[in-house]
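Engineer: Sequence and predicted model, in that order:
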Amino acid sequence: MNKTEYLRMAEQEESYWWHLGRLRIIETYLAKVVDSRMGICMLNVGCGTGSTVPTLEKYGEVNNVDVSEYAILHMLRRGYSRVRKTNGVGLPYSEKSFDVICSFDVLEHIEDDVAALAEWRRVLKTDGAIILTVPAYQWLWSGHDVALHHRRRYTRKLLKDVASAAGLDVDKASYAIVFSLPLLASVRMIQKIIKPKGAPESSYIRLPGWINWIFKNLLYFEAGVHRHLTFPAGSSVVAILRRTDGVLN
């Protein structure tokens, strides 16, 4: 992403409903994998400006990597010292270094997603887990994806196929950010009819505070449902991948 989009992200991630709700869903999946008392070693691939780091640090030591120099500088300014500049395919870590690898809306940026997952598998401990999110459905492709430098969007099946090709088993995969799918589909349809002018931009729509609060709490409710169910549709895909069928110990 360019600097403008990183600035936009940094402004929004502390209060915008999508960021806050996605983070609650992420924590639901973390709780499925680890106990906060375990003190595990984690790798955060594509840390961006660091909004997920405080949540991840509840579970152990977090090492962060990102390809963007701007993201790295932003992380350092926030006081995070465990951060390195590298892409997601050539990681500067030895084999089986991490209990958990997290990657939130990153895989879609990488040209060779199979190679990326295979590299993450390499540095994952034998009984470790990968937790990731990706945007759903190629038919939702828009200027938002162009602005964020996405290469593709995923279905649950496509993500499973890519994971399998990289030597990973799917422990759980579900669609997420469910309630927004009809809204997002409507917006995308309108945008295809009335093409926006100017350079593509990410689609952060400023909302009145009360609507932002409602949307946030809808996702908080969804996060609770993820503890027990998988969803058949949504604007994102969330998954737990493993090298084996074992559990962390």
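Structural biologist: Sure thing, it's come through.
Engineer: The residue most central in space within the chain: what's it in contact with?
Structural biologist: The centroid of the chain falls nearest to residue 104 when counting by C-alpha atoms, centre = their mean (1.5 Å). Neighbouring residues of residue 104 by C-beta atoms under 8 Å, 6 or more residues apart in numbering: 22, 26, 46, 52, 132-133. For every residue, glycine as well, the C-beta is placed using N, CA and C.
Engineer: again, only this time at 7 Å
Structural biologist: 26, 52, 132-133 (C-beta atoms under 7 Å, 6 or more residues apart in numbering).
Engineer: Let's see the pLDDT reported for it.
Structural biologist: Model confidence at residue 104, given as pLDDT, is 98.
Engineer: Just grab the bridge partners of it for me.
Structural biologist: residue 133 (DSSP bridges).
Engineer: low-scoring pLDDT stretches of the chain, where are they?
Structural biologist: Applying pLDDT under 70 to the chain picks out residues 1-11, 36-37, 195-204, 244-249.
Engineer: What ranges does it have for its helices?
Structural biologist: 3-12, 17-33, 53-56, 69-77, 113-122, 143-147, 156-165, 181-193, 209-225 (DSSP state H).
Engineer: Just tell me which of the ones you listed ends up closest to residue 239.
Structural biologist: Of all the helices of the chain, helix 156-165 sits nearest to residue 239, with 5.9 Å by C-beta to C-beta.
Engineer: relative orientation of that closest one and helix 113-122 in degrees?
Structural biologist: Put simply, helix 156-165 runs at 60 degrees to helix 113-122, going by axes from the mean of the first three to the mean of the last three C-alpha atoms, to 10 degrees.
Engineer: which of the residues in helix 156-165 are buried?
Structural biologist: Residues of helix 156-165 classed as buried: 156, 158-160, 162-163 (neighbour count, 16 or more other C-beta atoms under 10 Å).
Engineer: quick one: which of those residues is nearest residue 207?
Structural biologist: Nearest member of the buried residues of helix 156-165 to residue 207, counting by C-beta to C-beta, is residue 156, at 28.2 Å.
Engineer: sorry, back to before: in a markdown table: the contacts of residue 104, plus distance to residue 175.
Structural biologist: A markdown table is the format used below for these (distance: C-beta to C-beta, whole Å):
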| residue | distance to residue 175 |
| --- | --- |
| 26 | 15 |
| 52 | 20 |
| 132 | 14 |
| 133 | 11 |
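Engineer: Please list only the buried members of those residues.
Structural biologist: 26, 52, 132-133.
Engineer: what's the most distant pair in those?
Structural biologist: Maximum pairwise distance in the buried ones among the contacts of residue 104, criterion C-beta to C-beta, is 11.7 Å, between 52 and 132.
Engineer: thinking again about what came up before, what's the closest of the helices of the chain to residue 171?
Structural biologist: Among the helices of the chain, helix 17-33 sits nearest to residue 171 (C-beta to C-beta), with 8.2 Å.
Engineer: and the direction of that closest one versus that of helix 209-225, what angle?
Structural biologist: 20 degrees.
Engineer: Now do the buried residues in helix 17-33.
Structural biologist: In helix 17-33, counting by 16+ other C-beta under 10 Å, buried: 17-30, 33.
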